[in-house]
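> structure of the sequence below:
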Amino acid sequence: MLYPTLHITRDMVAEDGTYTGPDLSNVVGNIEFAAGLLMWIPALRLPVYFAAAAFHLSLDYALNIPIFQWLMILGLTSHLDPRLAR
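Here you go, the predicted model:
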């Protein structure tokens, strides 16, 4: 097993075999939405950037989408203060 991230237990599967666990797409969407809003607060910008970058690195590990997560991390840098580069 190359990407051991989600373990489905018996209580997450209904009698008809359908998955009843948490909807991971909603969780990911809520995290992305919160990070996008928190980036607008200057005092939180750098911590949120590192948390969002760590989140995207974990998605890169879990989902195996070749370049998408790295482009998202690169796009996050557009929110950083240019004076940080000096």
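> all contacts plus neighbour counts: C-alpha atoms, from now on.
Will do.
> tell me the spacing between residue 50 and residue 82.
Residue 50 sits 16 Å away from residue 82, taking CA to CA, to the nearest Å as the criterion.
> between the two, point out the one with more neighbours.
Applying other CA atoms under 10 Å to residue 50 and residue 82 shows that residue 50 carries more neighbours, namely 13 against 9.
> buried ones in stretch 72-86?
Residues 73, 76 are the ones in stretch 72-86 that count as buried (16 or more other CA atoms under 10 Å).
> hang on, I meant stretch 47-55
So, applying 16+ other CA under 10 Å, buried residues of stretch 47-55: 48, 49, 52, 53, 55.
> ok, and what's touching that stretch?
32, 35, 38, 39, 73, 76, 77, 80 (CA atoms under 8 Å, 6 or more residues apart in numbering).
> please save the CA atoms from that stretch in PDB.
Output in PDB follows, covering the C-alpha atoms of stretch 47-55 (Å, rounded to 0.1, in the frame of the first residue of the first chain):
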ATOM      1  CA  PRO A  47       1.500  31.100  10.200                       C
ATOM      2  CA  VAL A  48      -1.500  30.400   7.900                       C
ATOM      3  CA  TYR A  49       0.900  30.200   5.000                       C
ATOM      4  CA  PHE A  50       3.000  27.500   6.700                       C
ATOM      5  CA  ALA A  51      -0.100  25.600   7.800                       C
ATOM      6  CA  ALA A  52      -1.600  25.700   4.300                       C
ATOM      7  CA  ALA A  53       1.700  24.600   2.800                       C
ATOM      8  CA  ALA A  54       1.900  21.700   5.300                       C
ATOM      9  CA  PHE A  55      -1.700  20.900   4.400                       C
END
